[in-house]
Structures are given as C-alpha cells and as structure tokens.
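Trainee: need a structure here:
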Amino acid sequence: MALFSKDIRSMDQLYLHMLQDIYYAEQQIEKALPKMIEKAGDQSLRDGFTAHLGETREHISRLERVFGLIGHPPKGTDCPAIDGILKEANEIAGDIEGQEVLDAALAAAAQAVEHYEITRYGTLIAWSKELDHGECAEILELTLAEEHGADDWLTALAQERLNAAAA
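Mentor: Residues are numbered from 1 along each chain as shown. Down below sits the predicted model:
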C-alpha cells in the first residue's frame, strides 16, 4: 500500500500506514547505525551514534506499544525515502578518504535521517490527536523530543568541531 494509493480510504488506514512506514524506517536505522559507529573517527560522534542506537531501539519498542494501543500487530512497510537517505549516506561515505571529512559527512547524513524522522513523528502526533489516540500521541512525543535532541546535538557537534576539522 503506497502512501498515495487508492488502497488507503480512511484516516485510520493512513495513520496505520504512516506507523508502518516509521517502524520500517527505525528498523533500517537500527541496522545502519553500527556501520556509522564503525566509520566515525571522532569519539564524540561515535559516542553519540552509540547513544542514539539505544534510543532507536527504544523508539522501536514505543512504536510496538502504539501498534498495540490501536489493535494492530507491529509491521513495517517499505519506505523508499529512508532507503534512499541511507543509500546516499553509504555512497557518500564510500567516496571519502579523509577521516575528518568523513566525520562531517556522517554527521550530515545522520541529520538527514533525523529530519525525516522528525517529519514523520510530528505528523503522527497530530494525527493521533485528531483520531483520539491521546496515549499514542504522548508516546510519540517522547520520541519526537529525542529526535529533536539528536538533531540539535549533531548541529552543535558539526558547527563546533567537525566542520572546522574537515575544512
């Protein structure tokens, strides 16, 4: 069922599809982060990626709770957007030789992922409220706050150290 498919006939179906989309995305991010940790040279970047891997696992757990609250089993659906963002990150990382430039690129790639997640969680929170899924909104707001925190941390690290080292 594609996002703009005729298979989606109600807001409830759209909501479920978006949950499946971000569930898949979080699972792909969980698989990608260990590779990013391995490639990162900056200790703070490695530590941040490691911490975010733990958060990502919690995000998956929270999504599973949300699925339960709406009476559906947790299930992902292919998400070409996150697949493309992660593919681009891998391609860029494979083309870079200098560690400092690679670290700046990894931070930028991670921010692209964060921005995608922020849009999805923001939408899901609004829809949760509209569909009277208040408890779901509360759970998703915890994750959104963590995604914003990760984005802010990446911005600060890049501006304070990574970008200058790469330049």
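
Trainee: roughly how far apart are the residue nearest to the spatial centre of the chain and Cys79?
Mentor: In the chain, the residue lying closest to the centroid (C-alpha atoms, centre = their mean) is Glu117, at 4.1 Å. Applying C-beta to C-beta, to the nearest Å, the value for Glu117 to Cys79 is 11 Å. C-beta here means a position set from N, CA and C on the backbone, and glycine is covered the same way.

Trainee: now do the shared contacts for these two.
Mentor: Common contacts of Glu117 and Cys79 (C-beta atoms under 8 Å, 6 or more residues apart in numbering): 22, 25.

Trainee: give me the number of residues near Asp132?
Mentor: For Asp132, the tally of surrounding residues (other C-beta atoms under 10 Å) stands at 9.

Trainee: may I ask which helix or strand encompasses it?
Mentor: Asp132 is part of no helix or strand when elements are defined by DSSP states H and E.

Trainee: also Lys87?
Mentor: Element membership of Lys87 [criterion: DSSP H and E] is helix 80-95.

Trainee: list the buried residues for that helix?
Mentor: Neighbour counts using 16 or more other C-beta atoms under 10 Å place 82, 85-86, 89, 93 of helix 80-95 among the buried residues.

Trainee: also stretch 133-148?
Mentor: Those buried within stretch 133-148 under the rule 16+ other C-beta under 10 Å are 133, 136-137, 139-140, 143-144, 146-147.

Trainee: next, format the residues you listed as CSV and append pLDDT.
Mentor: Putting those into CSV (pLDDT from 0 to 100) gives the following:
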residue, pLDDT
His133, 98
Cys136, 98
Ala137, 98
Ile139, 98
Leu140, 98
Thr143, 98
Leu144, 98
Glu146, 97
Glu147, 97
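
Trainee: which strands and helices sit next to the least confident helix or strand in the chain by mean pLDDT?
Mentor: Taking mean pLDDT, DSSP states H and E as the measure, the chain has helix 80-95 as its least confident helix or strand, at a mean of 88. Applying 3 or more C-beta pairs under 8 Å, 6 or more residues apart in numbering; DSSP states H and E, one finds that helix 80-95 contacts helix 11-39, helix 99-130.
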